[in-house]
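K.L.:
this is the structure alone, sequence omitted:
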């Protein structure tokens, strides 16, 4: 999952990592968020074409939200993500393919531009 979304143009937004560590550790920390792990498991276990549903008891960070958008497009799956404040619905293809850059603001702009 990680390799496919990175190849599609996703760039990790480390501003959502709250601990004081170097950039590489922040990226790895963000990839270990429970909703991303749950999403990977859902891609493995859910029948092809079925909706993947993820329920979270904490608010979803912006980086996870962006990963869900990319995964929905790359794997052509509908994903419903529920946090305590709202439902997030992802249907492919929600994004134009961005150019891969080191600019972390690119993903933030896409996140706000395609806010549903």
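P.N.:
Happy to help now that I have it. Note that the coordinates shown come from a computational prediction; the quantities given were computed from them, not determined experimentally. Residues are numbered from 1 along each chain as shown.
K.L.:
per-residue pLDDT, the nearest residue to residue 42 once chain neighbours are set aside?
P.N.:
The shortest distance from residue 42 to any residue other than its chain neighbours is 4.1 Å, reached at residue 52 (CB to CB, 6 or more residues apart in numbering). C-beta: built from backbone N, CA, C; applies to glycine. Residue 52 is assigned 94 on the pLDDT scale.
K.L.:
shift numbering so it begins at 721
P.N.:
That works, and once the first residue is 721, the last one we named lands at residue 772.
K.L.:
packing partners of the helix ranked longest in the chain?
P.N.:
Counting residues, the longest helix found in the chain (DSSP state H) is helix 782-795. Packing partners of helix 782-795 (3 or more CB pairs under 8 Å, 6 or more residues apart in numbering; DSSP states H and E): helix 722-728, helix 754-765, strand 799-802, strand 807-810, helix 825-833.
K.L.:
save these as TSV, and put in mean pLDDT too.
P.N.:
Putting these into TSV (pLDDT from 0 to 100) gives the following:
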stretch	mean pLDDT
helix 722-728	89
helix 754-765	94
strand 799-802	93
strand 807-810	90
helix 825-833	55
